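Novice: here is a sequence together with a model predicted from it:
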Amino acid sequence: MEYGESLEETAIRELYEETGLKGKDLRFIDILSGEKEYHKYPNGDEIFGVTAVYTTSNISGILSINDNESLNMKFFPLDDLPTNLVEKARYIIQKHLL
């Protein structure tokens, strides 16, 4: 989150920065926080993050890797997801989208 941004503005900006897609008409789903949001960075910094989860079906643009965090990007139907999803993604999908 950048200084002065709302959660929605952050979600829209991050979506674009990480995927090349522009989102509109976000729908709030959940806030994730607490012990499961612990992360230790390679430099040793430790955080307990807070994740705001949104969905939208109003997107435009071309799916593309715009950062050094991703190796590959694809769309998958909810009934045919990869088996190697990270735990947080699996939790969000199972709790809120299925």
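Specialist: Thanks, I have the structure now. Numbers count the residues shown, from 1 in each chain.
Novice: got phi/psi on the spatially closest residue to Arg27 that is not a sequence neighbour?
Specialist: Using Cβ to Cβ, 6 or more residues apart in numbering and skipping the chain neighbours, the partner closest in space to Arg27 is Thr55 (5.1 Å). Yep, even glycine has a C-beta here, placed from its N, CA and C like the rest. The phi/psi pair for Thr55 (degrees, to the nearest 10) reads phi -130, psi 160.
Novice: wait, isn't Ser60 in contact with Lys22?
Specialist: Yes. If you go by Cβ atoms under 8 Å, Ser60 and Lys22 touch, sitting 5.1 Å apart.
Novice: tell me how many other residues crowd Ile12.
Specialist: Residues near Ile12, counting by other Cβ atoms under 10 Å, number 19.
Novice: okay, and it sits in which element?
Specialist: helix 7-19 (DSSP states H and E).
Novice: what about Leu15, distance to Ala89?
Specialist: Shown here: Leu15 relative to Ala89, a distance of 15 Å by Cβ to Cβ, to the nearest Å.
Novice: hmm, I typed the wrong one, I wanted Pro77.
Specialist: Computed as Cβ to Cβ, the Pro77 to Ala89 distance reads 15 Å.
Novice: between those two, which one's more packed in?
Specialist: Neighbour tally, Pro77 and Ala89, criterion other Cβ under 10 Å: the higher count belongs to Ala89, 11 against 6.
Novice: ok so the more buried one is a strand residue?
Specialist: No. Under the criterion used here (DSSP: H, G, I helix; E, B strand; the rest coil), Ala89 is helix, not part of a strand.
Novice: noted, bye for now.
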